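Student: the amino acid sequence is not available; the structure is as follows:
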């Protein structure tokens, strides 16, 4: 699995293919395939046949995937298609424009990643264990208890 320099919500310029020159927004990414889906680019027609009596047959227009090498990120500050560099800013690795040096990651994405990391650390600290007469019980952060059975006890009904 490869690390993508293009993320959902980025403005990109199509640099190859039938839609060359279009600037649009990335609607989804597929890292395993190395492809992205861009709005109003690589539009394909799909003929849908009616399967029931009350349905209508129709022709749908869907956006197809295009290879990640056929698009370049457009920097929001200098409005130029650019390659992506990675730098450490405030202890976080962020995407940076190669031409002007502006940060490409929006504050919401960086804040969300930071918040997720903090909650993961705090949830591991909340785990506690207690010992009771019937056996050892481990209490997790959610309040669920797991009973560890003693050697002689089969764990059945009493």
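Tutor: That came through, no problem. All figures in this text were calculated on a predicted structure; none of them were measured in a lab. Numbers count the residues shown, from 1 in each chain.
Student: show the low-confidence segments of the protein, by residue range.
Tutor: Filtered on pLDDT under 70, the chain yields the residue ranges 1-2, 107-158.
Student: how about 80 then?
Tutor: Scanning the chain for pLDDT under 80 picks out 1-3, 106-158.
Student: per the annotation, how does it divide into domains?
Tutor: Following automatic domain parsing, one gets these domains for the chain: 1-46+57-74, 77-119.
Student: export the ones you listed as a markdown table, with columns for mean neighbour count.
Tutor: (Each C-beta comes from the backbone N, C-alpha and C, glycine too.) Output for the domains of the chain, formatted as a markdown table (neighbours: other Cβ atoms under 10 Å):
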| stretch | mean neighbour count |
| --- | --- |
| domain 1-46+57-74 | 15 |
| domain 77-119 | 13 |
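Student: how close does residue 92 get to residue 103?
Tutor: 10 Å (Cβ to Cβ, to the nearest Å).
Student: ditto for residue 72
Tutor: 17 Å.
Student: what's the answer for residue 66, then?
Tutor: Taking Cβ to Cβ, one finds residue 66 at 26 Å from residue 103.
Student: likewise residue 20?
Tutor: According to Cβ to Cβ, residue 20 and residue 103 sit 28 Å apart.
Student: then residue 49?
Tutor: 48 Å.
Student: got it, and residue 91?
Tutor: 14 Å.
Student: likewise residue 7?
Tutor: 13 Å.
Student: and what of residue 28?
Tutor: 23 Å.
Student: next: residue 85.
Tutor: Distance of residue 85 to residue 103, computed by Cβ to Cβ: 10 Å.
Student: so what's in contact with these two at the same time?
Tutor: 95-97 (Cβ atoms under 8 Å, 6 or more residues apart in numbering).
Student: tell me if I'm right that residue 93 and residue 87 touch.
Tutor: Yes. Assessed by Cβ atoms under 8 Å, residue 93 is found in contact with residue 87 at 7.3 Å.
Student: which residues of the protein fall in strands?
Tutor: 11-14, 23-30, 35-38, 43-48, 58-63, 65-67, 71-74, 81-82, 84-89, 92-97, 128-132, 135-139, 145-148 (DSSP state E).
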